[in-house]
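Pasting the sequence and the predicted model now:
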Amino acid sequence: MKIGAFEELVLLAVGALTDNAYGVSIKELLREKTGKNPSIGALHSALYRLEEKGCLISSEGGATAERGGRRKKYYTLTTRGRNVLIETSKLRLEFSKNIQGLNLRWDGL
Amino acid sequence: MDCKPNFRPPGLADRFLTWFCDERVLETLQGDLHELYGQRRNKSGKLIADFNFLLDVIDVCRPFALKRKSRSIYLNNNIMLKNYVKIAWRNLKSQPFFTLLNTAGLAIGMTGGLLIAMFIYDELSFDKMFADSNRIYRVNIDMRTGGETNYYASVSGPLAATIKQDCPHVEMVTRFRTMRSALLRKSENDDNVKETHVAAVDSTFFDMFGIELLAGDTRTALKAPNTLILTKTAAEKHFDMSDALGQRLLLNNTETFKVTGVIDDFPKNSFLRDHHVFVSLESFDDAYSKAWNNFRFPTFVKLNPLADIDDFQGFLNTVKESYVIPWAMTFVPGLTLERSRADDKKTGNFMKFGHIALQDIHLHSGDRQGEFSPNGDVKNIYILALIGCFLILLACVNFMNLSTAYALRRAREVGIRKTLGANKYGLIRQFLTESGLISVVSLAMAILMAYSVMPFFNELSGKAMVIPLSDPAFWLVIVAATVLLSLFSGSYPAFFMSKFIPVKVLKGSQSSAGGANIRSVLVVFQFAVSVFLMVGTLVIFQQLRYIQTKDLGFQKDQVLVVDDVSAAGNQMASFKQQVLQLGGVERASLSSYLPTPSTRSGITYFVQGSFDAANAAIFGHWKIDHDYLSTLDLEIVAGRDFDERIYTDSSGLILNESAVNMLGLQPEAAIGLKLTSDFHRQDKENMKFMTVIGVVKNFHFESLRNNIGTLSLALGSGANRMIVKLNPGDFSNVIRQIEKKWKAVAPHQPFNYYFMDASFNSTYEAEQKLGRIFVIFTILSLFIACLGLFGLTAFNAGKRIKEIGIRKVMGATAGQITVRLSIEFLKLVGIAVFISLPLGWYVMNKWLEDFSYRIEISWWVLASAAVLAIVISIITVSYQGIKAAMTSPVKSLRSE
C-alpha cells in the first residue's frame, strides 16, 4: 500500500479528530498543525482516494444551518488505515535511527 | 461553530459547482464550501469570502468530483425499445382523430414534396445521359444591331470548320442545321406524313453524343448527301422497323432520301427528345457556304479532356475580328477592322460568340432562337423548391402543433413514468418513436398517393416521370428523409413533453399544456404561407387572363391556320380561291408568317443615301400576300395596304410603328421612303430599292413578355400556310369542306390545321403550367393548414367543455359561444394575412417584371386572398365551435 505524503497527513488528521473528522474540521486541524492552508480541492481529492483505497470509511452526519441544510460526511480510520499509518511511522523511525543527532522515539513500539 | 446561517455564496459559482459536480460528492463538497464561506464571511467580509469561494469552486474542479456516466441507463433503454413501439401504437390507436389529422397532414405534405422533388430531379437530369456530356458545349451568338439584341442558339455555318481547323482545345465539332417540320412519305406511297421536328446533322453526330445505331453503320450513315437516319419510333411509323434500312423516303414531295440508320428514341430529358428524323448535312447547298451572317447551324463542340472552357471561350472571342470581319471586307467597300470597331463603339452594336454547357441548356439557355426544344427555366425550379419546402414544413408544423396541444392528455402518463423512474432521455426516445411511427405510416400513404396521382401530375407538368420503386437509391433517400422528418417534427413535442414536472402534472395543477405561444406562431406561419401562395395563384391567373384577352392589334379568334399548303404546289392560288368561295369563309390569305409562333426572318436595310454601317436597320421581314392585312384585321395608320391593281407594289413595303420609330420618323413621313437590302452588290447603280407605302399599327407578334419588335411586310411567294378567317357559325362543317377542297387540289397530302387563338395560348404554356401547379400546391397547403387549425380548435373546445357548459347555463347563446371559441384562432389568421400580403405583393411584382405587358396587382386581389383565407378558416374553426356550443350543459357538467 503506497500513500502520498499529503494523504498520510490527512489520514493522521482523521485519526486525531476521532469522531469529528469532516471536510472543514480536517482542514482546520491540518492548518493548525502544519501552518499551511491546504486547498479544499486537494483535501477532498485525498479523502476520496483514501476511501477508495480502503483506509477510510465515511458516514453521513446531521445537517446544519451554516451548511445550507447539507449533511456532513464524517470519516473514520479503518484498520487498514491504521496499519498504513503504523507502517509509515515505522519506516521513518527505522531511518531516523541511523541518522546521528536524531533521536526519535515511539512509545508504541 | 458560531457562524451566522443563511449566508448565500455567489450564485453563479454555486450553480457552476452543481452543474459539474457528480451527485455523489456534491452534497458533502457543497456543504463544506458553504461552511467555509460562512466562516470567511464573518471573519473577512463579503468580498474576500466571495473571492475565496470562487477559487475553491475552481479548485475542486478535479477528476474525482466530475460527473460520471452511469452505464445502467443505456442497458435499460434497449430493453425499453419494444415497449416504446407498443405504447406508441396503443396511444395512436386510442386517439384516432388526432392520429388521422396528423398522418393525413404529413402524408399530404410528403406527397407534395415527393412530386416536387421528382419534378426537380427530372429537370436537373437533362442531357446528362450523353457520353462525355460534361465536356460538350454549344456555341451561342448574342448580337445587337439597330438597338435590338437577339440571342441565337444556332450560329454561322463556317464556324464549325474554323474551330476544327484553328482551335486546339477542341476534340470534335458537330454541326446541325435547323429545319423544323417536314412532310415525309415512302416513294411508292402517296400519303404524306408530317414530322414536326426534323434536323440536319453531320456524321460526327454519333461520336459526339455517343449514339449507337440499332441498324446501319456509323462509319457511313449520314456521310452522303440525301441520306437520313430515323429513330425507332419514326422507323416504325414509316416502315416496319426491321426493313427500314436502305428504304427511300420522299421529303417535302421533292427529294428522295435513303435511310442509312436507325437509332433509339432520345430520352424525354434530352434536348433532342422530339426529334425523330436526322437528315445528312451534306444534303444542303449552304452546308459549305462561306457566309457568316446566316445563323442556321447549331454547333456543338467536345473539348479535349485536358482543355479548359476558358481557353475555348478565348478562341471564340477572337472569331469576330479574325474571321467574320475579313469575310465582310470582301464585299463591303472600305470596311476595315478599325472602322468596324469604331462603328461598334459609336452604335453599341456587338456580335459575341459565347458558349453554354450541354447540361446547362435546359435550365439556363432560356429562349434563344434556334433551340431544339422548349427549355425549362431555373427560376421555376427555385419557386417549386420553395413551395415544396413550404409544404413539408407546413406538415411538420402541423404535427408539432397537434402533438403539443394533445400533450396535456398525456401529462399524467409522463408524470407516472417519471415517478417510476423514467428519465428525460427515455421519454424523448419514446415520443420520437411515436413520431417515427406516424412518419412511416404517412410515408407509405404518400408514396401510394404520389403513385396514383402521377399520371395526372405528368399531364400537368408535361413530363413522363415514374416513381423509381425498384431503385435502391430512391429508397435510401426516402428512408433518410423519413428519419429526418420524424426527428424534426417529433423533437419539439418530445422535448416539450419530457420536461413535465411529475408533481405538478399528477396534482393536476398544470392546467394548460403550455407552449401556446409557439403554437400560435406556427399557426401564423402556416396561414402566412397559404395566403402567400394564394396571392401568387391569383396574380398568375390574372396575368394569364390579361394576356389572353388583351387587344393584340390583330384578329386571332375564328381564324383557322392550314399548315403545309405548299404541298399543293402550283395549285396553291386556286386552292385559296376555292376556299374563299365557301359559305363560312370570310377571307383568306397565304403566308408563312403569323403573329403566333411560326416562321421568322430578319433583314438588314439601309435608307437610300446613307450606307454607313451605323445606320443599318434590322427589321423582321415577313412575306405576305394582298389579303393578309384584311384577314387579320391589321390597322393601317398611314399610307395604304397592298393593292393588286398597282403593279409597283411588288417593290412596296409596309412597316410597323416600331420600325418607323426606329428610323426616327412619324408614320406619315415614312411614306415614300426608299430602303434597300441589296447593298451587297458591287454594281451600286443597279441596287434595288423598296418603297414604303404604308405603316401598320403595332400588333403583338411576339410573346407579351417582349416589347413589339420592328417589322417590314412585303409581297412574296413561297408561303407555306393559309390563314382563313371564318364567319361565325358551324366551324366543323366549314373545316370539313376546306379539307375536301384540299384533298382535291393536293391528294395524299396531310391536312394540318389549327385555330390561331389556340396556338397563341400555347405561347404561354409555361405560365399556364406554373399557374396550375401553383393552384394545386396552394390548395394542398391550405388544406394542411386547415387540418391543423381544425385539430387545434377541437382540442381547445374539448378543454373548455366545462366552461362552455357553465356559460350556457348562465344564458349564453350558441352563437356567442362559437364566436368566443373561434375568435382567438381568427386573430392568428388575421396576423398571418397581415404578414403575407405585403410579401406576396412584393414577390409577385418581381415575377411580373418579366412581362413587358403586365397587370398591376390591384388591391382586390390581395383583399380576395385575405377574405378567402379568413372565410375558410372561419368555416374550419366554427364547425368545432358550433359543435361545442350545441352540447347540452347537462352532459358536460354532470361529472362534477
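Alright, I've got the coordinates.

how about the residues of chain A near chain B?
A:22-24, A:27, A:39-42, A:44-45, A:48-49, A:64-68, A:70-73 (Cβ under 8 Å from any Cβ of the partner chain). C-betas here are computed from N, CA, C, even on glycine.

ok, and the helix or strand in chain A with the lowest average confidence?
Here the helix or strand of chain A ranked lowest by mean pLDDT, DSSP states H and E is strand A:56-63, holding a mean of 84.

Which strands or helices does the following helix or strand past that strand pack on?
Using DSSP states H and E, the next helix or strand after strand A:56-63 towards the C-terminus is strand A:71-77. Counting contacts by 3 or more Cβ pairs under 8 Å, 6 or more residues apart in numbering or on different chains; DSSP states H and E, strand A:71-77 packs against helix A:5-17, helix A:23-34, strand A:56-63, helix B:23-44.

what about these, which gets the closest to B:Ala481?
helix B:23-44 (40.6 Å; Cβ to Cβ).

ok, residues contacting the closest one?
Applying Cβ atoms under 8 Å, 6 or more residues apart in numbering or on different chains, the external contacts of helix B:23-44 come out as A:22-24, A:27, A:40, A:44, A:48, A:64, A:66-68, A:70-73, B:1, B:3-5, B:7, B:9, B:14, B:17-18, B:21, B:48-49, B:52-53, B:56-57, B:60, B:64-65, B:67.

Report the inter-axis angle for the very next helix or strand once past that helix versus helix B:23-44.
As assigned by DSSP H and E, the chain's next helix or strand after helix B:23-44 is helix B:46-59. Orientation check (axes from the mean of the first three to the mean of the last three Cα atoms, to 10 degrees): helix B:46-59 against helix B:23-44 gives 150 degrees.

Helix B:46-59 near chain A anywhere?
Yes. Counting by Cβ under 8 Å from any Cβ, contacts between helix B:46-59 and chain A involve B:Asp56, B:Asp59.

List the buried residues in that helix.
Using 16 or more other Cβ atoms under 10 Å in any protein chain shown as the test for burial, helix B:46-59 gives B:Ala49, B:Asp50, B:Asn52, B:Phe53, B:Leu54, B:Asp56, B:Val57, B:Asp59.

Let's have those residues in TSV, adding distance to B:Val637 and pLDDT.
Formatted as TSV, these follow (distance: Cβ to Cβ, whole Å; pLDDT from 0 to 100):
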residue	distance to B:Val637	pLDDT
B:Ala49	99	89
B:Asp50	93	89
B:Asn52	99	89
B:Phe53	95	90
B:Leu54	92	89
B:Asp56	98	88
B:Val57	93	88
B:Asp59	97	86
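
out of those residues, which one sits closest to B:Asn102?
Using Cβ to Cβ, those come closest to B:Asn102 at B:Val57, 47.6 Å.

List the residues that contact the closest one.
Contacts of B:Val57 (Cβ under 8 Å, 6+ apart): B:Ala13, B:Asp14, B:Phe16, B:Leu17, B:Leu33.

Quick check, B:Ser703 in contact with B:Tyr764.
Yes. Contact criterion Cβ atoms under 8 Å: B:Ser703 and B:Tyr764 qualify, at 7.3 Å.

what's the lengthiest helix in chain A packed up against?
Looking across chain A with DSSP state H, the single longest helix is helix A:79-97. Here helix A:79-97 touches helix A:5-17, going by 3+ Cβ pairs under 8 Å, 6+ apart.

Quick check: buried residues in the helix it packs on?
A:Phe6, A:Glu7, A:Glu8, A:Leu9, A:Val10, A:Leu11, A:Leu12, A:Ala13, A:Val14, A:Gly15, A:Leu17.

My read is that the third one contacts A:Thr88, right?
Yes. A contact is recorded between A:Glu8 and A:Thr88 when judged using Cβ under 8 Å, the distance being 5.7 Å.
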